[in-house]
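Visitor: quick one: sequence plus predicted model below, questions after.
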Amino acid sequence: MDIRDPTTCKTPDILASWGQGINGISGGWPLRPYLILAGGEISTLRLYDRRRMQALRCGDTTAPCVVSELRGPDPATSDSDLRDLCVSGVCLSHTGRIAIGSWMNGEGIYAFDVDSPNEPLGPPFKGHANFRTVKEVSLVGLNQEYVASGSDDGNWFAWRLQQGPSDCDACPNDGPPSAADPPIDPRLAFVGLEGDLEVVNCVQQHPSEACIVTSGIENDIKVWHPQRAVTSRRGNLSVRADPRLRP
């Protein structure tokens, strides 16, 4: 079969029927293997429990197996129409306790506590641009303590999941901010410049190595490794000969 050809699902074992496109699915991790997070052409994330999912017949609904509807942007206060409040990517943490969803059209990335999903964990993560293409969102770091996403400007961004002082390693705009510049999210920790000449769509961490892989419109991928910061203090130290080492 050619996956580029238009097709429809004809399998009898349909577990969830949306009636709209699904852009991202995440889950199946060992601690909570029964949880599946999905997002797409609707305004909310859907969290499923596989223990309650059964094959559907034509016309059946999926309501019995939906555990939670995770609501990010508020349609009442959003600048986007309801039909434009769609999700480009989702990520469920390895512990199965944190759910992440990336909304398109400048709405940002929202994080949720799976055990208390009624409200997001703080304001949305912003600073990137997510308008043109469908972009993933991921959790990276030794303990998945960072939220990462690509951007329409060819860069990729990483924010701390928890609030803290800003320590952004690279910023697209050099120089002092002006009054017209939007405030920088204090959770922003890193901006990977020139991840792609056009758009960065995918940001994923290696499962065992300390590196990040990004890809986009170009025909190659980029591998990012951490680099120890070089301080200037050691270079300024004076060197004095030890008389005990003289011949």
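Guide: Yes, it's here. Numbering: from 1, shown residues only.
Visitor: for I212, list each beta-bridge partner.
Guide: Beta-bridge pairing for I212 (DSSP bridges): Q205, W224.
Visitor: hmm, it is touching I221, no?
Guide: No: between I212 and I221 there is no contact under Cβ atoms under 8 Å: 10.5 Å. In this view, the C-beta of every residue, glycine as well, is placed from N, C-alpha and C.
Visitor: quick check, pLDDT for R52.
Guide: Note on R52: pLDDT of 78.
Visitor: burial count for it?
Guide: By other Cβ atoms under 10 Å, the residues close to R52 number 11.
Visitor: again with L142
Guide: Neighbours of L142 (other Cβ under 10 Å): 8.
Visitor: mind listing what it touches?
Guide: Applying Cβ atoms under 8 Å, 6 or more residues apart in numbering to L142 gives the contacts A210.
Visitor: gap between it and D185?
Guide: To D185, L142 is 22 Å away according to Cβ to Cβ, to the nearest Å.
Visitor: and the residue nearest the centre of the chain, how close does it get to Y146?
Guide: What sits nearest the mean C-alpha location of the chain, by Cα atoms, centre = their mean, is V137, with 2.2 Å. Noted for V137: a distance of 11 Å to Y146, by Cβ to Cβ.
Visitor: beyond the helix or strand of the chain with the lowest mean pLDDT, next helix or strand please.
Guide: Across the helices and strands of the chain, mean confidence by mean pLDDT, DSSP states H and E is lowest for strand 66-71: a mean of 87. Per DSSP states H and E, strand 66-71 leads on to strand 87-92 as the next helix or strand towards the C-terminus.
Visitor: what's next to that following strand, contact-wise?
Guide: For strand 87-92, the surrounding residues in contact (Cβ under 8 Å, 6+ apart) are 23-27, 29, 35-42, 44-45, 72, 98-104, 114, 130, 134-139, 149.
Visitor: sheet partners, orientation included, of that strand?
Guide: In the sheet, strand 87-92 lines up against strand 98-103 (antiparallel) (DSSP bridges).
Visitor: relative orientation of the strand it pairs with and strand 66-71 in degrees?
Guide: Going by axes from the mean of the first three to the mean of the last three Cα atoms, to 10 degrees, strand 98-103 is angled at 50 degrees with respect to strand 66-71.
Visitor: hmm, who's touching strand 98-103?
Guide: Contact with strand 98-103 is made by 37, 39, 45, 47, 70, 72-73, 85-93, 108-114, 117, 121, 124, 130, 135-139, 144, 147, 149, 161, as judged by Cβ under 8 Å, 6+ apart.
Visitor: return the members of those classed as buried.
Guide: In these, burial by neighbour count holds for 37, 39, 45, 47, 70, 72-73, 85-93, 108-112, 114, 117, 121, 124, 130, 135-139, 144, 147, 149, 161, counting by 16 or more other Cβ atoms under 10 Å.
Visitor: show me the shaky parts of this structure.
Guide: Flagging of the chain using pLDDT under 70 yields the residue ranges 1-3, 8-14, 55-64, 76, 78-83, 163-183, 229-247.
Visitor: check contacts around R46.
Guide: R46 neighbours (Cβ under 8 Å, 6+ apart): 16, 37-39, 66, 68-70.
Visitor: surely E194 meets D153?
Guide: No: taking contacts as Cβ under 8 Å, E194 lies outside contact range of D153: 9.7 Å.
Visitor: between the two, which is the more surrounded one?
Guide: Neighbours were tallied for E194 and for D153 using other Cβ under 10 Å; the higher tally belongs to D153 (18 against 11).
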